[in-house]
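Asker: My questions are about this predicted structure, shown below with the sequence.
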Amino acid sequence: MGTIRCRSAFPGRPDRDVQWDGGSAFEALRAGGQPIASSCSGETVCARCTVRVLDGDDALSPPRADERALLDRRAEAGERLACRLYNEGGADLIVLTAHYW
């Protein structure tokens, strides 16, 4: 279905690509071996899987009410929950970053 490019927040670290064959970005990142924070295993409870979308936002699912409620309480502006990101537009490439990559 597409690729998630994981852009490092640390200078000098290379980007890492992960296949996204459906499901949430959280599931794709875990399956691809990319660290993704979580204490709820992607159940939209903890809001630790926040990522920032750097490119491809227009292809992603809009925030649902459960995600919006968590983002409003626990995330910075512009962040999304990886457990609720779906590539609904079928983009070939989505670029994400997280503060700990």
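Answerer: Noted; the coordinates are in hand.
Asker: make it CA atoms for all contacts and neighbour counts henceforth
Answerer: OK.
Asker: buried ones in the lowest-mean-pLDDT helix or strand in the chain?
Answerer: Averaged element by element with mean pLDDT, DSSP states H and E, the chain has its least confident helix or strand at helix 65-74 (a mean of 94). By 16 or more other CA atoms under 10 Å, the buried positions in helix 65-74 come out as 67, 70, 71.
Asker: Also stretch 71-91?
Answerer: Taking 16+ other CA under 10 Å as the basis for neighbour counts, the residues of stretch 71-91 that come out buried are 71, 75, 79-87, 90-91.
Asker: The most centrally placed residue in the chain and residue 29, how far apart?
Answerer: The structure's the chain has its C-alpha centroid closest to residue 82; by CA atoms, centre = their mean the separation is 3.3 Å. As defined by CA to CA, to the nearest Å, residue 82 lies at a distance of 9 Å from residue 29.
Asker: got it, and residue 50?
Answerer: 12 Å.
Asker: Please apply the same query to residue 47.
Answerer: 16 Å.
Asker: between those two, which one's more packed in?
Answerer: When residue 47 and residue 29 are compared for neighbours, residue 47 comes out ahead with 24 against 21, by other CA atoms under 10 Å.
Asker: Read off the pLDDT value for residue 13.
Answerer: Model confidence at residue 13, given as pLDDT, is 95.
Asker: cool, and residue 1?
Answerer: Each residue has a pLDDT score; the one for residue 1 is 76.
Asker: related to what we said a few turns ago, which pair in the buried residues of stretch 71-91 has the greatest spatial separation?
Answerer: The largest distance within those, taken as CA to CA, falls between 75 and 90 and amounts to 25.9 Å.
Asker: Near the residue lying closest to residue 84 once chain neighbours are set aside, how many other residues are there?
Answerer: Residue nearest to residue 84 in three dimensions, not counting chain neighbours: residue 24, with 6.1 Å by CA to CA, 6 or more residues apart in numbering. For residue 24, the neighbour count with other CA under 10 Å is 18.
Asker: ok, residue 24 to residue 42 distance?
Answerer: As it turns out, when the distance is counted by CA to CA, residue 24 lies 9 Å from residue 42.
Asker: got any residues that touch both of these two?
Answerer: Common contacts of residue 24 and residue 42 (CA atoms under 8 Å, 6 or more residues apart in numbering): 82, 83.
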